[in-house]
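In: Fold the following for me, if possible:
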Amino acid sequence: MAVIDFRIDKRFSYANGYEFGNVGAYEQIDGTLTFGVIPSLDANKSIVDLDLAPTDRDGKVIFTSDFSIIKPVDPNRGSQGLIVELPNRGRRRVVDTMNRSGAEASGSPDPGDGFLFERGLTVASIGWQWDVYQSDVLMGLNPPSADLSGES
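Out: Numbering: from 1, shown residues only. Next up, the predicted model:
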């Protein structure tokens, strides 16, 4: 599965520009990833009904997913480490859990004690569930539709 495109919908100063130790300020980038999957590849043959989904001119099934990245504004001050989160039911929790904020899931996670960010880590969250309510707080996936009519 390859990311073939991305769109940035929002880019803003995270935690009101708070400086996390020597790493400095962070920014949050929210948007949409576009994926392309080739149904005939061996690695993809086990995906149920993928071969029944429409393809583009290159033979790829196209679908999209929400993403959010919280990263140091100055990448040279970061650790180059990345935590990737696939949120359960669309609720981002890794920042709230690791930074011990105790806050509810939100569109911009509470920085809590800053544990991850004082260490220069970047956090990327990618929606992967199709049945998530569309909102600013929850992250989801817009899957392809299989053609079950028997017609091509």
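In: Tally up the residues packed near the nearest residue to residue 118 once chain neighbours are set aside, please.
Out: Spatially, and ignoring its direct neighbours in sequence, residue 118 is nearest to residue 21 (4.2 Å; Cβ to Cβ, 6 or more residues apart in numbering). Bear in mind the C-beta positions are built from the backbone N, C-alpha and C, glycine included. Look at residue 21: counted by other Cβ atoms under 10 Å, it has 11 neighbours.
In: Residue 24 too?
Out: Around residue 24 there are 17 other residues, counting by other Cβ under 10 Å.
In: where exactly do the helices run in the protein?
Out: Taking DSSP state H as the criterion, the chain carries its helices at 94-98, 115-118.
In: neighbouring contacts of the lowest-mean-pLDDT helix or strand in the chain?
Out: Least confident helix or strand, the chain: helix 94-98 with a mean of 87, by mean pLDDT, DSSP states H and E. By Cβ atoms under 8 Å, 6 or more residues apart in numbering, the surrounding residues in contact with helix 94-98 are 70, 83, 85, 101-103, 105, 109-112, 115-116, 123, 125.
In: Would you enumerate the residues in contact with the residue most central in space within the chain?
Out: Central residue check for the chain by Cα atoms, centre = their mean: the C-alpha nearest the mean position is that of residue 126, 2.0 Å away. With contact taken as Cβ under 8 Å, 6+ apart, residue 126 is in contact with 33, 65, 66, 67, 84, 85, 86, 87, 139.
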